[in-house]
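A.B. asks: I need the structure of the sequence given here:
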Amino acid sequence: MATDQFLAYDYPVLGAFWTVMWIFLWVLWVVLLFRVIADVFRDHDLSGWAKAAWLLFVLVVPFLGVLVYVIARGRDMGKRELRHARQQQEAFDAHIRETVGSGTPGGGVDDLARLSELKSRGELTDQEFQQAKEKLLH
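C.D. replies: Residues are numbered from 1 along each chain as shown. You can find the predicted model right below:
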């Protein structure tokens, strides 16, 4: 047989190591590129023209653009990301408070007390009271 066969053990361990290293660095590069692009759009201090210039620089000359961006503006990237995360958490908390109700502890108890008072005054029938109570509790 004159055909060459390539087997798995023909690939040296050091070659596999370098392949894994290059894949890791490539993934790290892509993540860094997207973080820089997200940071450009997240920064409210930059004008529209400055954002366009940074984006163009990062897309046209990616390695140099990202390197220059991280050197020039990298110090505040973490601060901007932390501020963005806090704003998202506050918005989520506000949404939860709005969805749940008044946001005050015992708000459901107050509503049940009002329903009970309406029932005792005769403004609600037993069936209406039960329906409203189930709606509050579920």
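A.B. asks: and Lys135, how far is that from Val100?
C.D. replies: 14 Å (CB to CB, to the nearest Å). Heads up, the C-betas are built off the backbone N, CA and C, glycines and all.
A.B. asks: go through the chain and flag its longest helix.
C.D. replies: Counting by DSSP state H, the longest helix found in the chain is helix 13-42.
A.B. asks: pull out the buried residues from that one.
C.D. replies: Leu33, Arg35, Val36, Ile37, Asp39, Val40 (16 or more other CB atoms under 10 Å).
A.B. asks: what's the worst-scoring helix or strand of the chain on mean pLDDT in contact with?
C.D. replies: Least confident helix or strand of the chain, by mean pLDDT, DSSP states H and E, is helix 107-120 with a mean of 79. Contacts of helix 107-120 with the rest of the structure, by CB atoms under 8 Å, 6 or more residues apart in numbering, involve Val100, Gly101, Ser102, Leu124, Asp126, Phe129, Ala132, Lys133, Leu136, Leu137.
A.B. asks: what helices and strands are in contact with the longest helix of the chain?
C.D. replies: helix 48-60, helix 62-73, helix 77-100 (3 or more CB pairs under 8 Å, 6 or more residues apart in numbering; DSSP states H and E).
A.B. asks: what's the neighbour count on Lys51?
C.D. replies: Counted by other CB atoms under 10 Å, the residues lying close to Lys51 total 14.
A.B. asks: what about this protein, any weak spots by pLDDT?
C.D. replies: For the chain, the stretches with pLDDT under 70 are 1-2, 5-10, 101-108.
A.B. asks: pop the domain breakdown of it in here.
C.D. replies: 8-100, 105-138 (automatic domain parsing).
A.B. asks: now the first one, how far from the centre of its chain.
C.D. replies: Domain 8-100 sits 13 Å away from the centroid of its parent chain (CA atoms, centre = their mean, to the nearest Å).
A.B. asks: repeat for stretch 112-120
C.D. replies: 43 Å.
A.B. asks: please save the CA atoms from that stretch in CSV.
C.D. replies: This file holds the C-alpha atoms of stretch 112-120, laid out as CSV (Å, rounded to 0.1, in the frame of the first residue of the first chain):
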residue,chain,number,x,y,z
LEU,A,112,-57.3,42.1,52.4
ALA,A,113,-58.2,44.4,55.2
ARG,A,114,-59.9,46.8,52.8
LEU,A,115,-61.8,43.9,51.2
SER,A,116,-62.9,42.7,54.6
GLU,A,117,-64.0,46.2,55.5
LEU,A,118,-66.0,46.4,52.3
LYS,A,119,-67.6,43.1,53.0
SER,A,120,-68.5,44.0,56.6
